[in-house]
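**Q** A structural model of the following input is requested.
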Amino acid sequence: MSTKQTKAESVFTPYQKFVIAILSILQFTIVLDFMVLSPLGAQLLDELDISPSQFGAVVSAYAFSAGSAGILAAGFADKFDRKKLLIFFYFGFIAGTCLCALAPDYNSLLIARIVTGLFGGVMGSISFAIITDLFKLQVRGRVMGFVQMAFAASQVLGIPIGLWLANRYGWHSPFWMIVFFSILVAVLIIIFLKPIDEHLKEKSERNAFVHLYKTITKPAYVKTFLATTLLATGGFMLMPFGSAFSTNNLGLTLEELPLLYGITGIFSIVFGPVLGKLSDRIGKYKLFLIGSLISMVLVGIYTNLNTTPFALVVLLNVILFIGISSRIISSSALITAIPDVKDRGAFMSTNSAVQQISGGIAAAFAGTIVVQTESGFLENYNILGYIVIGSVLITIFMMRMINNMVMKKELAEAGIEIKDE
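**A** Coordinates of the predicted model:
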């Protein structure tokens, strides 16, 4: 492929830029709704008088309901215009977040998180299906780089603002912020996003359940789902107790948390597009390997720390999130290349369901391992770190297998015969 061709493919049309922007902003609201629970953890444990295992249940409730919704939606995901699906589930997500903002106690919050997960958990899969429909694999890494900036933006803008609101007006206020902002995003989607229905021209099973069955039993897809199971382990095990670990073990104050998340997020925003472009240039699996090695080393160091100077905590967080971002961007781009056109919606929904359910199990399991002493100190957090390192190590080999499948698929689509040795 010539340099001119590569440059031509990397240039996005104004509408494609809008799609990238609106999906990134949408992901920002979804991710923020999930991530804001982690920094609120220290506050919720105290104000609601709940245990770490109960807090883990709040986190995992979202994941389990999201996973269930993903499976239920998978059979129908390729039967409708993706814009209509996006709008339907987004309004459900807004309603669920509104219930979180109104929740007066632990049980109400638990139910609200289940409702939010039923709708919000499907949003990522629909977004990824749209990206796969509209962008070629050769530039999909940088698209994912921009979309994954939602994680960083939620730290720089959302989490610090959310924490400030929570400290000043109570833990309900960040959810109200998400509700009002999401309504504005929904209006933009309704007005400006074009119908996305090219996949409806492809022949597929009329019966949604048959379509789902064929999707979840196809060998190539099953291998990807297994990899996704382990990919979800790291974030869901460590993140829910991140703020409590920072304040009780590392010695940070509640006032320093917004600054920590903000600085880490700024670096993640800067590196997101760079990592996305790098994944398209050097290869998505190579970037995944590099990110995995960085993550394993940093997780091993970070989870074994005690009282630590603020500047060092920031430095370690920045490096860790660069490693995590490298893994997320490269693996997301690779996985989108696996499904056939007629299966994209079902595959993405099922993959999202697998991710959410696996994450829910990981969060619940983490809640049984971590023990909070009377002084607030968290014990056994380093054990979670060792489990995460083990899962990262296994995913290195699994993603190599997926990378090989993608390469063979590209060669087959190009009409190049593949001979087994």
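
**Q** so where do the strands sit in the stretch 251-400 of the chain?
**A** In order along the chain, the stretch 251-400 of the chain carries the following strands (DSSP state E, counting those that start in this stretch): 371-372, 378-379.

**Q** Report the mean per-residue pLDDT for the first one.
**A** The reference is to strand 371-372. Averaging pLDDT along strand 371-372 gives 81.

**Q** before we move on, the earlier item: Y106 is nearest to which of the strands of the stretch 251-400 of the chain?
**A** With distances scored as C-beta to C-beta, the stretch of the strands of the stretch 251-400 of the chain nearest to Y106 is strand 371-372 (16.1 Å). Glycine gets a C-beta too; all of them are placed from N, C-alpha and C.

**Q** Show me what the closest one is packed up against.
**A** With contacts defined as 3 or more C-beta pairs under 8 Å, 6 or more residues apart in numbering; DSSP states H and E, the packing partners of strand 371-372 are strand 378-379.

**Q** Paired strands for the strand it packs on, with orientation please.
**A** Neighbouring strands of strand 378-379 in its sheet, by DSSP bridges, are strand 371-372 (antiparallel).

**Q** coming back round to it: now tabulate the strands of the stretch 251-400 of the chain in CSV and tack on mean neighbour count.
**A** Formatted as CSV, the entries for those read as follows, by neighbours: other C-beta atoms under 10 Å:
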stretch, mean neighbour count
strand 371-372, 16
strand 378-379, 16
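
**Q** Dump the ones you listed to TSV, plus distance to L411.
**A** TSV is the format used below for these (distance: least, C-beta to C-beta, whole Å):
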stretch	distance to L411
strand 371-372	52
strand 378-379	49
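
**Q** mind checking which of the ones you listed is nearest I282?
**A** Ranking those by their distance to I282 (criterion: C-beta to C-beta) puts strand 378-379 first, at 38.0 Å.

**Q** List the contacts of that closest one.
**A** Strand 378-379 is contacted by residues 52, 241, 244-245, 248-249, 370-373 when judged by C-beta atoms under 8 Å, 6 or more residues apart in numbering.

**Q** Same question for the helix or strand harbouring L72: list its buried residues.
**A** Assigning secondary structure by DSSP states H and E places L72 in helix 52-74. In terms of neighbour count (16 or more other C-beta atoms under 10 Å), helix 52-74 has its buried residues at 52, 55-71, 73-74.

**Q** just how off-centre is that helix within its chain?
**A** Between the mean C-alpha location of helix 52-74 and the chain-wide mean there is a distance of 14 Å, by C-alpha atoms, centre = their mean, to the nearest Å.

**Q** Return it as CSV; C-alpha atoms alone will do.
**A** Output in CSV follows, covering the C-alpha atoms of helix 52-74 (Å, rounded to 0.1, in the frame of the first residue of the first chain):
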residue,chain,number,x,y,z
PRO,A,52,-16.6,-3.4,51.1
SER,A,53,-18.6,-6.5,50.0
GLN,A,54,-21.8,-4.5,49.8
PHE,A,55,-20.0,-1.8,47.8
GLY,A,56,-18.7,-4.5,45.5
ALA,A,57,-22.3,-5.7,45.1
VAL,A,58,-23.3,-2.2,44.0
VAL,A,59,-20.6,-2.2,41.3
SER,A,60,-21.2,-5.8,40.2
ALA,A,61,-25.0,-5.2,40.1
TYR,A,62,-24.5,-2.8,37.2
ALA,A,63,-22.2,-5.3,35.5
PHE,A,64,-24.6,-8.3,35.9
SER,A,65,-27.6,-6.4,34.6
ALA,A,66,-25.6,-5.0,31.7
GLY,A,67,-24.4,-8.5,30.8
SER,A,68,-27.9,-9.9,30.9
ALA,A,69,-29.2,-7.0,28.7
GLY,A,70,-26.4,-7.6,26.3
ILE,A,71,-27.4,-11.3,25.9
LEU,A,72,-31.1,-10.4,25.5
ALA,A,73,-30.3,-7.7,22.9
ALA,A,74,-27.8,-9.7,20.9
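
**Q** Do I have it right that P52 meets F365?
**A** No. Checked against C-beta atoms under 8 Å, the pair P52 and F365 is beyond contact range at 12.0 Å.

**Q** For G120, the count of nearby residues, please.
**A** Applying the criterion other C-beta atoms under 10 Å, we find 28 residues in the vicinity of G120.

**Q** by how many degrees do the helix or strand hosting it and helix 52-74 diverge?
**A** Secondary structure here is read from DSSP H and E; on that basis G120 sits in helix 106-134. Here helix 106-134 runs at 40 degrees with respect to helix 52-74, directions being taken by axes from the mean of the first three to the mean of the last three C-alpha atoms, to 10 degrees.

**Q** for helix 106-134, packing partners?
**A** In this structure, helix 106-134 makes packing contacts with helix 14-35, helix 52-74, helix 82-102, helix 137-147, helix 310-336, helix 344-369, judged by 3+ C-beta pairs under 8 Å, 6+ apart.

**Q** what about 6 Å?
**A** Applying 3 or more C-beta pairs under 6 Å, 6 or more residues apart in numbering; DSSP states H and E, we find helix 106-134 packed against helix 14-35, helix 52-74, helix 82-102, helix 344-369.

**Q** What are the buried residues along the first one?
**A** Meaning helix 14-35. So, applying 16+ other C-beta under 10 Å, buried residues of helix 14-35: 19-20, 22-35.

**Q** mind saving the C-alpha coords of that helix as PDB?
**A** Output of helix 14-35 as PDB, limited to C-alpha atoms (Å, rounded to 0.1, in the frame of the first residue of the first chain):
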ATOM      1  CA  PRO A  14     -16.700  16.000   8.300                       C
ATOM      2  CA  TYR A  15     -19.500  13.700   9.100                       C
ATOM      3  CA  GLN A  16     -17.200  10.900  10.200                       C
ATOM      4  CA  LYS A  17     -15.500  13.400  12.500                       C
ATOM      5  CA  PHE A  18     -19.000  14.200  14.000                       C
ATOM      6  CA  VAL A  19     -19.700  10.500  14.500                       C
ATOM      7  CA  ILE A  20     -16.300  10.100  16.300                       C
ATOM      8  CA  ALA A  21     -17.000  13.200  18.500                       C
ATOM      9  CA  ILE A  22     -20.600  12.200  19.400                       C
ATOM     10  CA  LEU A  23     -19.700   8.600  20.100                       C
ATOM     11  CA  SER A  24     -16.800   9.800  22.300                       C
ATOM     12  CA  ILE A  25     -19.100  12.200  24.200                       C
ATOM     13  CA  LEU A  26     -21.700   9.500  24.600                       C
ATOM     14  CA  GLN A  27     -19.100   7.100  25.900                       C
ATOM     15  CA  PHE A  28     -17.900   9.800  28.300                       C
ATOM     16  CA  THR A  29     -21.400   9.900  29.900                       C
ATOM     17  CA  ILE A  30     -21.600   6.000  30.100                       C
ATOM     18  CA  VAL A  31     -18.000   5.600  31.500                       C
ATOM     19  CA  LEU A  32     -18.500   8.500  33.900                       C
ATOM     20  CA  ASP A  33     -21.600   6.900  35.300                       C
ATOM     21  CA  PHE A  34     -19.700   3.800  36.000                       C
ATOM     22  CA  MET A  35     -16.300   5.300  37.100                       C
END
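
**Q** This completes my enquiry, with thanks.
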